[in-house]
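Student: coordinates for the following, if possible.
(one chain, ligands or ions: 1)
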Amino acid sequence: MTDLSGRVALVAGGAGAIGEGVVRAFLTLGARVVVPSRQAEHLASLRERLGHPHGLHGLVNDIASPGGAELLAAAVAENVGPLDAVVAAVGSWWQDGPLVEVDPSEWTRVLNANLTTHFLLARTLVPSLRDRPNSSYQMVIGDTAESPMAGASLSTVTAAGVLGLLRAQSVEEPTVRINGLYLGPVITRSRPKGPPEWLTADEVGDYAAWLATEAAADIRGQLLRPPKP
Ligand SMILES: NC(=O)c1ccc[n+]([C@@H]2O[C@H](COP(=O)([O-])OP(=O)(O)OC[C@H]3O[C@@H](n4cnc5c(N)ncnc54)[C@H](OP(=O)(O)O)[C@@H]3O)[C@@H](O)[C@H]2O)c1
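Tutor: Numbers count the residues shown, from 1 in each chain. Next up, the predicted model:
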């Protein structure tokens, strides 16, 4: 019920701080894991940190470039095979000052990086999951979507946008289990310390990998807070 042997997962943002924990957990349950990154060095570092696992397939790709998501889908189909699970952990925290001081060019940049990437991934990859049994699509969503912090408006706006994508996709895609991982601050390699109640990237990853298994086959359309073990 909790084995992912023979399954293929794509972790967008898998070379990032949270994504690393997600990739590690999917590999531990036996999945092959595809990770796109804009930089080959990030993929090499990830491979080294994970101990050079056989099941890891890095692909240099910029999801946000013109045709980037389609190129990613084509490279996965050619080099790895059909996907069974996707975890979208792209985007980054933004806290650069009050909303009224945000330059419109910065607004566009951050929306592209944190929200449009999610749209492009969902648009390109969700259709390929429709015919796969128990397929799963997960979006990582910061809880700043509904708990704003001063100076972090664009993090709130983009997280709320991803929450909207989750809600919309959940009613449009009956055969794909689409869920959101709703996260507060996470302890990661970038921020290795925090209060004991914070989740670690590995704990987020363990939950995400479990959510892709048969054991979670009934869970769909949910915004989920992974439990602290
Ligand atoms: N860290 C936290 O405590 C926390 C808490 C709640 C929610 N979140 C949310 O979780 C998500 C991930 O956070 P994080 O801390 O793991 O961020 P991160 O370390 O900056 O990782 C983000 C990853 O996204 C990838 N990425 C971004 N744009 C891409 C593109 N156009 N094409 C391909 N890959 C792209 C980056 O890959 P490359 O740079 O290698 O291309 C990077 O590895 C964000 O949305 C964040 O808001 C984080």
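Student: for the chain, just list every one of the strands.
Tutor: Under the criterion DSSP state E, the chain contains strands at 8-12, 32-37, 56-60, 85-88, 136-142, 177-183, 186-187, 199-200, 223-224.
Student: near the ligand, which residues of this protein?
Tutor: 13, 15-19, 36-39, 42, 62-64, 89-93, 113-114, 117, 140, 142, 183, 185-186, 188, 190 (C-beta under 6 Å from any ligand atom). C-beta coordinates here come from the backbone N, C-alpha and C atoms, glycine included.
Student: one step back: can you list the strands of the chain in JSON lines and add mean pLDDT?
Tutor: Compiled in JSON lines, the strands of the chain are given as follows (pLDDT from 0 to 100):
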{"stretch": "strand 8-12", "mean pLDDT": "98"}
{"stretch": "strand 32-37", "mean pLDDT": "98"}
{"stretch": "strand 56-60", "mean pLDDT": "98"}
{"stretch": "strand 85-88", "mean pLDDT": "98"}
{"stretch": "strand 136-142", "mean pLDDT": "98"}
{"stretch": "strand 177-183", "mean pLDDT": "98"}
{"stretch": "strand 186-187", "mean pLDDT": "98"}
{"stretch": "strand 199-200", "mean pLDDT": "98"}
{"stretch": "strand 223-224", "mean pLDDT": "98"}
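Student: next, format the ones you listed as JSON lines and append distance to Pro148.
Tutor: Putting those into JSON lines (distance: least, C-beta to C-beta, whole Å) gives the following:
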{"stretch": "strand 8-12", "distance to Pro148": "25"}
{"stretch": "strand 32-37", "distance to Pro148": "30"}
{"stretch": "strand 56-60", "distance to Pro148": "35"}
{"stretch": "strand 85-88", "distance to Pro148": "22"}
{"stretch": "strand 136-142", "distance to Pro148": "11"}
{"stretch": "strand 177-183", "distance to Pro148": "15"}
{"stretch": "strand 186-187", "distance to Pro148": "18"}
{"stretch": "strand 199-200", "distance to Pro148": "20"}
{"stretch": "strand 223-224", "distance to Pro148": "17"}
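Student: skipping its backbone neighbours, what lies nearest whichever residue of the chain sits closest to the ligand in space?
Tutor: Among all residues of the chain, Gly16 sits closest to the ligand, at 2.0 Å; criterion: C-beta to the nearest ligand atom. Nearest-residue entry for Gly16: Ala89, 6.2 Å, with adjacent residues in sequence omitted and distances by C-beta to C-beta, 6 or more residues apart in numbering.
Student: could I have the buried ones of the residues of the chain next to the ligand as ChimeraX selection syntax?
Tutor: A single ChimeraX command selects the buried members of the residues of the chain next to the ligand (16 or more other C-beta atoms under 10 Å):
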select :13,15,16,17,18,19,36,37,42,62,63,89,90,91,113,114,117,140,142,183,186,188
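Student: got the contact list for the residue of the chain closest to the ligand?
Tutor: 89-90, 92 (C-beta atoms under 8 Å, 6 or more residues apart in numbering).
Student: and the least confident of those?
Tutor: Lowest pLDDT among the contacts of Gly16: Ser92, with 93.
Student: ranges for the helices of the chain?
Tutor: Counting by DSSP state H, the chain has these helices, from start to end: 17-28, 40-49, 68-79, 104-111, 117-129, 153-172, 201-211.
Student: I'd like these as TSV, with mean pLDDT appended.
Tutor: Below are these laid out as TSV (pLDDT from 0 to 100):
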stretch	mean pLDDT
helix 17-28	98
helix 40-49	98
helix 68-79	96
helix 104-111	98
helix 117-129	97
helix 153-172	97
helix 201-211	98
